[in-house]
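Engineer: Everything below, folded, please.
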Amino acid sequence: MTLRVVTAAERLAEAEGKVSIAVFGPYGIGKTSLVLGLDADSTLFVDCEAGMLPIRDWSGRSISIRSFPDLMDIVALIGGVDPAASDNDPFGTAHSKHVRSIYPDIDLSGITTVFFDSISEASRLCLVWSQTQPQAFSERTGKPDMRGAYGLMAREMTRALRHLQHAPAHTVVFVGGLQSVPDAPGRWEPQLEGAKVGRELPFITDQVIAFDLFDWSKETGWQHAPGNGEHRSFCCRSPNPWSLPAKDRSGRLDVIEEPHLGRLIAKINAQ
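Structural biologist: Down below sits the predicted model:
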């Protein structure tokens, strides 16, 4: 890999219109339906949990994933070749050519946005796969080693997420579950297998958003009201009064934004 100095103009041109977003919300809030706020012609829906019933009339392209190796193949197709990877690496040149040869019918032309539903299920698929690998068994006894399985899962999941984050000319949206922290009432965290992936994710994506129910009044302003609020909304910045996971790298979002991905991305990318 050859190193080069990138000018400000080149850097801005490469980054224009490209953003990575993680949206976490509770069960039933409507995370899958967020894809309806994106342009259908230029969006690819990656379905990891057979959950497209709410958007059965959506006109965009989609692909269903049922195993972690399949997910890695799709990540390789979307993200392209990692210039730092060896040929035999899942994101290396040789494997990239192999993936394109076994999926000749997958057409990504015109795709500028990839919508993953959901990263929570993807982490479960990764854990299931990790439990079958040599690292998930004790070298001494041959018995299952869950620490080894979780360690492998964390490495592979964060690697896949980082590869997608660097995907050329693609905005990537991950949606996943949001749950309260068992040991800390009033705090919330992404619903993912293993703690390490949840800790790494905010450092990988540009934006982290909590999607839940809120109430608003002139007297108190916005209030988080899980389960019984009147307004579905995005919480986009941290710190926030409700200890919700959120991050705004663009610096252009308010604490509360309307739950429309197309308009949110336009605001992030506004000149």
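Engineer: Count the residues that sit near Asp87.
Structural biologist: Number of residues near Asp87 (other CB atoms under 10 Å) recorded here: 11. In short, each C-beta sits where N, CA and C put it, glycine included.
Engineer: Mind telling me what element it is part of?
Structural biologist: If you go by DSSP states H and E, Asp87 is not part of any helix or strand.
Engineer: what about Arg124, distance to Ser118?
Structural biologist: 10 Å (CB to CB, to the nearest Å).
Engineer: Those two: which is more packed in?
Structural biologist: Using other CB under 10 Å, the more surrounded residue of Arg124 and Ser118 is Ser118, with 24 against 18.
Engineer: Show the model's pLDDT score for the more buried one.
Structural biologist: Confidence at Ser118, expressed as pLDDT, is 90.
Engineer: That one contacts Glu49, correct?
Structural biologist: Yes. Taking CB atoms under 8 Å as the definition, Ser118 is a contact partner of Glu49 at 5.9 Å.
Engineer: Low-confidence stretches in the protein?
Structural biologist: Under the criterion pLDDT under 70, the flagged ranges of the chain are 1-4, 6-17, 169, 271.
Engineer: Show me the strands in it, by range?
Structural biologist: 20-25, 43-47, 61-64, 113-117, 171-180, 188-191, 207-217, 221-224, 231-235, 247-248, 256-257 (DSSP state E).
Engineer: possible to save the ones you listed as TSV with mean neighbour count?
Structural biologist: Converted to TSV, the strands of the chain look like this (neighbours: other CB atoms under 10 Å):
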stretch	mean neighbour count
strand 20-25	26
strand 43-47	23
strand 61-64	15
strand 113-117	24
strand 171-180	22
strand 188-191	21
strand 207-217	20
strand 221-224	16
strand 231-235	21
strand 247-248	18
strand 256-257	18
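Engineer: Tell me which of the ones you listed approaches Lys143 most closely.
Structural biologist: Closest to Lys143 of the strands of the chain, according to CB to CB: strand 188-191, at 28.6 Å.
Engineer: Alpha carbons of the closest one, as CSV, please.
Structural biologist: The C-alpha trace of strand 188-191 is given here as CSV (Å, rounded to 0.1, in the frame of the first residue of the first chain):
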residue,chain,number,x,y,z
TRP,A,188,-29.6,2.6,28.1
GLU,A,189,-27.3,0.6,25.8
PRO,A,190,-27.3,-1.0,22.4
GLN,A,191,-28.6,-4.6,22.3
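Engineer: and it, which strands flank it?
Structural biologist: As defined by DSSP bridges, the strand partners of strand 188-191 come to strand 171-180 (antiparallel).
Engineer: quick one: the partner strand to strand 43-47, angle?
Structural biologist: 40 degrees (axes from the mean of the first three to the mean of the last three CA atoms, to 10 degrees).
Engineer: Find the centremost residue of this structure, please.
Structural biologist: Phe174 (2.5 Å; CA atoms, centre = their mean).
Engineer: Would you mind giving the strands of the chain as TSV with distance to Ala270 added?
Structural biologist: Shown next, in TSV, are the strands of the chain (distance: least, CB to CB, whole Å):
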stretch	distance to Ala270
strand 20-25	15
strand 43-47	20
strand 61-64	27
strand 113-117	17
strand 171-180	14
strand 188-191	27
strand 207-217	14
strand 221-224	22
strand 231-235	16
strand 247-248	13
strand 256-257	13
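Engineer: The nearest residue to Ala85 once chain neighbours are set aside: what's it in contact with?
Structural biologist: Closest residue in space to Ala85, ignoring its immediate chain neighbours: Gly92 at 4.0 Å, by CB to CB, 6 or more residues apart in numbering. By CB atoms under 8 Å, 6 or more residues apart in numbering, the residues touching Gly92 are 81-82, 85-86.
Engineer: List buried residues within those.
Structural biologist: 81-82, 85 (16 or more other CB atoms under 10 Å).
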